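Trainee: Need coordinates for the below:
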Amino acid sequence: MRDKRFGGKHHTWIDILGTYGNASSFPQKLSIAYKALKDALSSTMKTIYHGGSRIQYRTAFSGIWYFYKKDGITVMNIHLEDLSGHLAEITQDQWNTLFAVIPEIENTTYFGEIPFKDGIIYPATWAKIVDRFHEYVYEIGLVVDFDWPNWDEGKQILSEEITDLSEYSAVTLCKLLTCSVRSDRFVEGNLIAHFENGTILTILRALKKHYGNSLQ
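Mentor: Take a look at the predicted model:
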């Protein structure tokens, strides 16, 4: 979070509370700091994204929500019921930026690795292309807020050998992408595996058939 009240830097709650040292009590400090933080983030999100819609916005900090590798990454938290409207608001330039990664994936053989030493599995190391993809799909709101672990249809689709997903709607494709991206948080290296086995590439190719007309 960057806000002039906090010196334009990322701060902890202790730093923020200290900014309001003149408040008479800790609860009062906390209440004031929370309101200031909420206002600052709300203002930032509305400046960046579709402030007039029902879509919600938030900032993810390391180890809390989605991004554990990057502090202060702004992500769009799209609810499933808002997804169709949101997809219509994504610009063609944004789609083109996403689809430009397709030939990169096609020509990439290394997507990352999971360090293993002395019987210990360490956090996966992503190749740059995976890192950029991961950040961008959150940035433009393709990772959807829904009960993906209990989505049986998605489990069935992703458990099979995937060669073509063009028969599915854009909403379903985004749900599949969400399963691939979010599951990496619980299964170390799962996103790397979905790059290696072609799942991500197949999802992107199918999305391009929906939204990549200017690239044809």
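
Trainee: three-state assignment of P103?
Mentor: Using DSSP: H, G, I helix; E, B strand; the rest coil, the structure places P103 in helix.

Trainee: Would you map the helices across this protein?
Mentor: All helices of the chain, identified by DSSP state H, fall at 13-19, 26-48, 83-89, 92-99, 101-106, 128-139, 152-159, 170-183, 190-196, 199-211.

Trainee: Do me a favour and average the pLDDT over the first one.
Mentor: The predicted model gives helix 13-19 an average pLDDT of 46.

Trainee: what do you get for the longest one?
Mentor: In this model, helix 26-48 has a mean pLDDT of 54.

Trainee: In TSV, list the helices of the chain along with distance to N77.
Mentor: Any C-beta I mention is one placed from the backbone N, CA and C, and that applies to glycine too. Shown next, in TSV, are the helices of the chain (distance: least, Cβ to Cβ, whole Å):
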stretch	distance to N77
helix 13-19	21
helix 26-48	10
helix 83-89	11
helix 92-99	17
helix 101-106	23
helix 128-139	9
helix 152-159	19
helix 170-183	12
helix 190-196	19
helix 199-211	20
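
Trainee: From the structure, what's the count of residues near I140?
Mentor: 19 (other Cβ atoms under 10 Å).

Trainee: which one is it nearest to, not counting chain neighbours?
Mentor: Q94 (5.1 Å; Cβ to Cβ, 6 or more residues apart in numbering).
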